[in-house]
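[1] need coordinates for the below:
(2 chains)
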Amino acid sequence: MPLVYAGICSHAPGITGRAEQADPGARDRLYDAFDRMRKEIEATRPDALVVVAAEHFANFFMDNMPSFAVGMADSYDGPIEDANWLGIRPFRAPGNRDLSRRLITEIMKSSDIAYAEEWRFDHGIAVPLHFLTPDFVLPIVPVNINCQGPPLAPMERVWAFGQALRDAADAVPERIAVVGTGGVSHWPATPDSGKINETWDREFLDHWSANDRARLVSYRDADIYVEGGQGGFEIRTLVAISAAAQGAAGVVQHYESIPIFSVGCAIGRYQLPES
Amino acid sequence: MSLYYVQKFLFELNRSSELQERYTSDPSAALGGYELTPDEHTALAEADIGLLYVLGVNGQILMHFAAFHQIAWADYLQLMRDGLAVHGPVRDGVYAATGYEGVSAHSARLGQSSGLAPTSAAREAVSNSKLCEGN
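    Got it, this is the predicted structure:
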């Protein structure tokens, strides 16, 4: 049935791992926004949550790097990071192998993807789940877009993947929610970590809210790196959600730069007809 | 230079508790199966974060290596900055390929400060490194 929810959020490991070092007000405003997002997702009564992420060499490496990959397992363990470092205890998130297989089969009709029957969640998925399904009860379908090891798929292909994901979600009888998580500007785990280009972030988020395909697919990595850093490559995850929303308008419900989290923290959603 | 194998070792170390145990007990032996230059071997065996960054290791892999060695976040960032000061610009990988402009120039362009202040632990770690003594 038609997609029930499409949104975006940040996933930086500092959000949970360095929470006590952040300005309490900024941290709590972000946590409140995550909680609102959780409630909005729950209100759509999803059967599964597809998380479109940009994992960080936890499962995929340059020996055999897929541009797009979808998980196909009945459960997923995490976090792969040290639990104390990340501030998230070890967990086993439920999956749905049968649903994954049907989604993958549909996506393959128009987008070339890899699938993975093993997948250990890193912070890129663990942080969103920590807030959005804190008891790990909602079945997860993990998706990865390679945003770390160039060459990376161009935005036009990301858009095509997002469209294929939407078509697949609409084709299965389950109620599917989808969340993209990555970006916006940041220089994660580098000497520039903590820098945030808020102007660039807000411009991108304006394009995202408007679901402006022409502008969203015009982003090129050489320019992204200059203005948004290596972490900016992860806007692919957000652009995929724009494509999945099929022209719906969006709203950025939260944005605030939190340098100790190394990112401008954003949360938003598209207003889908059925939601 | 074999950045691929440097990063592959770190990727596998992050995923394998067995490799973590072997690396902890005998770093050089654990590195034996990887095609590394002497500098790369030493940097991995001695957990030289600054040199590994300059060699081109992706921060998304390197930060886990730092966490494995119980290096605090602020110290980790400073070790990379000190690595740039000691060894010069990043030589390979995504940061080099895209033309890294340097911490200060980058901050100036963005109109921001350089971020976290140096820590005594980071300074001590760098001053104790052989590579630093040679400069």
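[2] which element is A:A168 on?
    Using DSSP states H and E, A:A168 maps to helix A:155-171.
[3] any idea how far that helix is from the chain center?
    Chain-centre distance of helix A:155-171: 14 Å, with C-alpha atoms, centre = their mean, to the nearest Å.
[4] tell me the helix or strand right after that helix.
    Assignment by DSSP H and E places the next element after helix A:155-171 at strand A:176-181.
[5] what is the helix holding A:A168 packed up against?
    strand A:48-53, helix A:97-107, strand A:140-145, strand A:176-181, helix A:213-216, helix A:235-244 (3 or more C-beta pairs under 8 Å, 6 or more residues apart in numbering or on different chains; DSSP states H and E). The C-beta positions use only the backbone N, C-alpha and C, and glycine is treated the same way.
[6] mind putting those into JSON lines with mean pLDDT and mean neighbour count?
    JSON lines is the format used below for the helices and strands packed on helix A:155-171 (pLDDT from 0 to 100; neighbours: other C-beta atoms under 10 Å in any protein chain shown):
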{"stretch": "strand A:48-53", "mean pLDDT": "98", "mean neighbour count": "26"}
{"stretch": "helix A:97-107", "mean pLDDT": "98", "mean neighbour count": "19"}
{"stretch": "strand A:140-145", "mean pLDDT": "98", "mean neighbour count": "28"}
{"stretch": "strand A:176-181", "mean pLDDT": "98", "mean neighbour count": "28"}
{"stretch": "helix A:213-216", "mean pLDDT": "98", "mean neighbour count": "15"}
{"stretch": "helix A:235-244", "mean pLDDT": "98", "mean neighbour count": "28"}
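[7] quick one, phi psi at A:I15?
    Phi and psi for A:I15, reported as degrees, to the nearest 10, are phi -60, psi -40.
[8] and if you look at A:V263?
    Torsion angles, degrees, to the nearest 10, at A:V263: phi -160, psi 150.
[9] before we move on, the earlier item: possible to save the helices and strands packed on helix A:155-171 as a markdown table with distance to chain B?
    What follows is the helices and strands packed on helix A:155-171, written out as a markdown table (distance: least, C-beta to the nearest C-beta, whole Å):
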| stretch | distance to chain B |
| --- | --- |
| strand A:48-53 | 13 |
| helix A:97-107 | 22 |
| strand A:140-145 | 13 |
| strand A:176-181 | 15 |
| helix A:213-216 | 21 |
| helix A:235-244 | 15 |
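[10] for A:F34, which of the ones you listed is the nearest?
    Nearest of those to A:F34, taken as C-beta to C-beta: strand A:176-181 at 11.0 Å.
[11] how far does that closest one sit from its chain's centre?
    Worked out by C-alpha atoms, centre = their mean, strand A:176-181 lies 7 Å from the chain centre.
[12] taking the stretch 151-275 of chain A, what residue is nearest to chain B?
    Minimum separation of the stretch 151-275 of chain A from chain B (C-beta to the nearest C-beta) falls at A:A189, amounting to 3.1 Å.
[13] tell me what the residue nearest the centre of chain A is bridged to.
    The structure's chain A has its C-alpha centroid closest to A:T181; by C-alpha atoms, centre = their mean the separation is 2.0 Å. Residues in a beta bridge with A:T181, per DSSP bridges, are A:C9.
[14] what residues does chain B have near chain A?
    B:4, B:7-8, B:11, B:14-15, B:53, B:58-64, B:67-68, B:73, B:76-77, B:80-81, B:84, B:94-95, B:97-98, B:103, B:106-107, B:110, B:112, B:115-116 (C-beta under 8 Å from any C-beta of the partner chain).
[15] where exactly do the strands run in chain A?
    A:5-9, A:48-53, A:68-71, A:75-78, A:91-94, A:114-116, A:140-145, A:176-181, A:250-258, A:263-270 (DSSP state E).
[16] ok so, going back, from what I can see the residue of the stretch 151-275 of chain A closest to chain B touches B:F65, true?
    No: contact criterion C-beta atoms under 8 Å: A:A189 and B:F65 do not qualify, at 10.3 Å.
[17] which one of these two has more residues nearby?
    A:A189 (26 against 19; other C-beta atoms under 10 Å in any protein chain shown).
[18] check chain B for its longest helix and report it.
    Assignment by DSSP state H gives helix B:73-87 as the longest helix of chain B.
[19] any idea how far the helix or strand B:Y95 falls within is from the chain center?
    Here B:Y95 sits within helix B:93-97, counting by DSSP H and E. Helix B:93-97 sits 14 Å away from the centroid of its parent chain (C-alpha atoms, centre = their mean).
[20] and it, average pLDDT?
    Mean per-residue pLDDT for helix B:93-97: 82.
[21] so what does it touch, helix or strand wise?
    Secondary elements touching helix B:93-97 (3+ C-beta pairs under 8 Å, 6+ apart): none.
[22] rewinding a little: are any of the residues of chain B next to chain A buried, and if so which?
    Among the residues of chain B next to chain A, those classed as buried by 16 or more other C-beta atoms under 10 Å in any protein chain shown are B:4, B:7-8, B:11, B:14-15, B:53, B:58-64, B:67-68, B:73, B:76-77, B:80-81, B:84, B:94-95, B:98, B:103, B:106-107, B:110, B:112, B:115-116.
[23] now go through these and say which are in helices.
    Per DSSP H, helices hold the following members of those: B:4, B:7-8, B:11, B:14-15, B:53, B:59-64, B:67-68, B:73, B:76-77, B:80-81, B:84, B:94-95, B:103, B:106-107, B:110.
[24] what stretches of the chain score poorly on pLDDT?
    Using chain A. In the predicted model of chain A, residues A:274-275 satisfy pLDDT under 70.
[25] wait, chain B was what I had in mind.
    Using pLDDT under 70, chain B drops low at B:1, B:97-100, B:113-135.
[26] go ahead and flag the most central residue of it.
    Chain B has B:I49 as the residue nearest its centroid, 2.7 Å off, counting by C-alpha atoms, centre = their mean.
[27] closest point of chain B to chain A, which residue?
    B:G59 (3.1 Å).
[28] that residue contacts A:Q230, doesn't it?
    Yes: using C-beta under 8 Å, B:G59 is in contact with A:Q230, at 7.5 Å.
[29] give me the common contacts of the two.
    A:P188, A:T190 (C-beta atoms under 8 Å, 6 or more residues apart in numbering or on different chains).
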